[in-house]
Every structure is written in C-alpha cells, then in structure tokens.
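Enquirer: Let's see this in three dimensions:
(one chain, ligands or ions: 1)
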Amino acid sequence: MDFRNKHVVVTGGSSGIGKAIAKLVAQRGANVAIIARRQTLLDATIEELEAARTDHAQVFRAFSADLSDLKQAQAAINAITADGRIPDVLVNAAGFAHPGYFEELPIEIFRRTMEVDFFGTLYPCKLVAPLMVERGSGHIVNISSVAGFLGVFGYTAYGAAKFAIRGFSDALRAELKPHGVRVSIVFPPDTDTPQYHYENQFKPLETKRIASSAKLMQAEQVAQAVIEGIEKNRYIITPGFESTIFFWLTNPAFGLVRWYMDRIISDPGGIGK
Ligand SMILES: NC(=O)c1ccc[n+]([C@@H]2O[C@H](COP(=O)([O-])OP(=O)(O)OC[C@H]3O[C@@H](n4cnc5c(N)ncnc54)[C@H](OP(=O)(O)O)[C@@H]3O)[C@@H](O)[C@H]2O)c1
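Expert: This next block holds a predicted model:
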C-alpha cells in the first residue's frame with residue numbers, strides 16, 4: 001500500500017506499538033488520527049508526528065477517548081469522520097495486560113481486560129467497518145498477542161481477551177473480504193513499551209521464566225512488521241522469529257482451512273452444499 005494521502009486511524013497511538021505505527025505511516029506520507037485517553041501523551045505524540053512529516057499537506061489529529069466506553073468510541077470516530085474522511089486503515093492497538101496467578105487475580109481485572117482489549121477493539125471495528133464496506137475498500141488491523149493464540153502461564157485474563165480478538169478477527173476477515181475490506185491480526189511477542197514495564201511488576205516467576213526464553217522486541221520492529229504485513233496483505237502478522245515459529249507450530253493447517261472456508265463462501269453452489 002502506498003500510504004501517501006491515506007487516512008490512518010491508530011487506537012493506542014500515543015504510546016508503544018501504536019505510536020511506532022503512527023510514526024512509521026506518518027513518515028510514509030499518511031494523514032494520521034490517534035485515539036487514547038491521556039491528553040498529555042496525545043499532545044506529545046502529535047509533536048513527534050509533526051517531526052516525521054514528509055508533506056506539508058499531511059494532517060495529524062488526536063482524540064481523547066476511553067475506547068472501552070461505546071459512547072466515547074462513537075464520539076471519537078464521529079469526530080474523525082466528520083469531514084467525510086473515511087479511514088483507509090484502522091489499527092486497533094489500545095490495550096493493556098495485568099498478569100498474575102489465576103487464584104489471585106480479582107474478577108475486576110478479567111472484566112476490565114475484556115472491556116479494554118476486546119470491546120476496545122470491537123467498538124472501532126463496528127463503527128468504521130460499515131464506512132469501509134460502503135466505499136468498498138479499507139484495511140483493519142487488530143493487535144492481539146502471542147498470548148492470543150497460545151495459553152501462557154500468568155495470562156488467564158489477558159489471554160482470554162486476546163483469544164477473543166483472534167476469534168473475532170478470523171470471522172471478521174471472512175465477512176469483510178467479499179466487500180473489498182481487508183483484515184489483519186498481529187501477534188507480537190514481548191515488546192519494550194511502557195505496558196511491558198507495567199506488567200512486569202505483576203508477572204509470576206513462571207511467566208518471567210517463559211518471557212526470558214524469547215527475545216524482547218522494540219516497538220519500531222513490531223511497527224515495521226505490521227506495515228509489511230499490510231503491504232503484503234497478510235492476515236496473520238507474526239513479528240519476530242519466536243512469534244512466527246510458535247504460531248505456525250500451533251496452527252500448521254490454518255492457511256489450508258481458511259482457503260477451504262473462503263471457497264465455501266464464494267461458491268454457494270459448490271462444496272458447501
Ligand atoms: N508490549 C508488549 O509486550 C505487547 C506484546 C503483545 C501485544 N501487545 C499489545 O500491543 C498493544 C499495544 O501495547 P503497548 O505495549 O504498546 O502498550 P502501551 O505502550 O501501554 O500503549 C497502550 C496504548 O493504548 C492506550 N489505551 C490503553 N487503554 C485505553 C483505553 N481504555 N482507551 C483508549 N486507549 C487506551 C494508551 O493510552 P492511554 O493509557 O492514555 O489511554 C496507549 O496509547 C496492546 O494491545 C497490547 O496488548 C503488547
């Protein structure tokens with residue numbers, strides 16, 4: 001995809017992986033809108049996007065919203081599309097993780113993780129997808145995690161929410177494909193971001209042992225993999241060696257099954273009947 005003059009919306013675009021993606025597409029000439037809660041981080045990111053600008057006509061905008069709240073998500077997307085600009089790319093990177101032993105994690109952590117990570121991904125998709133379908137083009141990118149296809153010790157709450165994104169995105173990809181709208185899902189491994197340092201304080205020893213066996217990625221490397229995945233129209237985006245090897249070891253026939261399912265959908269008189 002040529003990002004010049006494209007409209008890219010990045011949720012969680014004020015920090016970590018989302019910010020790295022926002023900066024990369026800004027460097028490639030895109031107009032960028034970021035959504036997150038804290039205004040100070042949004043303002044600081046807009047300054048960084050301005051520094052990455054390659055064309056005087058590029059527009060960078062920031063919107064403060066808690067995306068786990070449908071009304072706030074609706075207000076942000078309405079503001080972004082008010083001038084008739086329909087996003088070409090929507091990247092859902094807003095999210096958080098709070099690991100811990102299952103017996104010690106309060107129910108509230110499970111509920112909040114599902115609200116932010118799953119519903120905070122669902123709402124922007126629900127609001128933007130119809131606009132993309134009407135236009136007949138667009139690309140939605142949902143950030144899951146290695147913990148979104150592999151059950152990882154210490155991540156009962158986070159894994160459940162990130163697996164939910166996987167099931168949702170698999171079905172969404174199939175439904176939007178006939179309308180010319182693409183979907184990708186990203187499974188980053190541990191990445192050096194503020195979120196990573198936040199969750200480290202709660203990680204059980206066993207989770208730390210698992211984490212230490214894999215290489216820590218930089219947000220810019222994950223962003224690069226996401227952009228390449230968009231450009232190559234990949235549904236599955238696995239930044240880094242460990243994520244790639246673990247995904248294909250645990251889902252070896254995924255491509256074949258997806259091809260079979262797509263064939264049934266596109267050929268109603270054929271193998272599905
Ligand atoms: N870092 C890792 O090791 C890692 C690995 C795999 C997957 N991931 C996933 O990658 C994504 C980005 O993570 P990150 O590590 O880059 O985290 P980060 O640096 O903490 O950034 C998270 C972003 O999401 C925003 N956000 C959080 N809750 C929100 C809410 N309720 N409404 C709107 N915005 C919200 C944050 O801004 P505000 O707090 O100001 O709202 C911030 O912009 C997440 O989905 C995460 O689960 C991360």
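Enquirer: can you list the residues of the stretch 151-273 of the chain near the ligand?
Expert: Taking C-beta under 6 Å from any ligand atom as the measure of proximity, the stretch 151-273 of the chain contacts the ligand at 188, 190-191, 193-196. No exception for glycine: its C-beta is placed from N, CA and C like everyone else's.
Enquirer: Of those residues, select the buried ones using a ChimeraX command.
Expert: A single ChimeraX command selects the buried members of these (16 or more other C-beta atoms under 10 Å):
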select :188,190,191,193,195,196
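Enquirer: So which of the residues of the stretch 151-273 of the chain next to the ligand sit within strands?
Expert: Residues from these lying in strands, with DSSP state E as the criterion: residue 191.
Enquirer: Looking at the residues of the stretch 151-273 of the chain next to the ligand, which are in helices?
Expert: Counting by DSSP state H, the part of those found in helices is 194-196.
Enquirer: Reformat those as CSV; add pLDDT and distance to residue 259.
Expert: CSV is the format used below for those (pLDDT from 0 to 100; distance: C-beta to C-beta, whole Å):
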residue, pLDDT, distance to residue 259
194, 98, 39
195, 97, 35
196, 96, 35
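Enquirer: Closest one of the residues you listed to the ligand?
Expert: Within these, proximity to the ligand (C-beta to the nearest ligand atom) peaks at residue 195, which comes in at 3.0 Å.
Enquirer: ok, so of the ones in helices among the residues of the stretch 151-273 of the chain next to the ligand, who is nearest residue 159?
Expert: Of all these, residue 195 has the smallest distance to residue 159: 15.3 Å, by C-beta to C-beta.
Enquirer: what about the helices in the stretch 51-200 of the chain?
Expert: Remark: helices assigned in the stretch 51-200 of the chain by DSSP state H, counting those that start in this stretch are 70-81, 107-113, 120-135, 156-176, 194-200.
Enquirer: What would the first one look like as PDB? C-alpha coordinates only.
Expert: It refers to helix 70-81. Backbone C-alpha positions of helix 70-81 (Å, rounded to 0.1, in the frame of the first residue of the first chain) are rendered in PDB as follows:
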ATOM      1  CA  LEU A  70     -19.100   2.800  23.400                       C
ATOM      2  CA  LYS A  71     -20.300   6.400  23.600                       C
ATOM      3  CA  GLN A  72     -16.700   7.700  23.900                       C
ATOM      4  CA  ALA A  73     -15.600   5.500  21.000                       C
ATOM      5  CA  GLN A  74     -18.500   6.700  18.900                       C
ATOM      6  CA  ALA A  75     -17.700  10.400  19.700                       C
ATOM      7  CA  ALA A  76     -14.100   9.900  18.600                       C
ATOM      8  CA  ILE A  77     -14.900   8.100  15.400                       C
ATOM      9  CA  ASN A  78     -17.600  10.600  14.600                       C
ATOM     10  CA  ALA A  79     -15.100  13.500  15.100                       C
ATOM     11  CA  ILE A  80     -12.500  11.700  12.900                       C
ATOM     12  CA  THR A  81     -15.000  11.100  10.000                       C
END
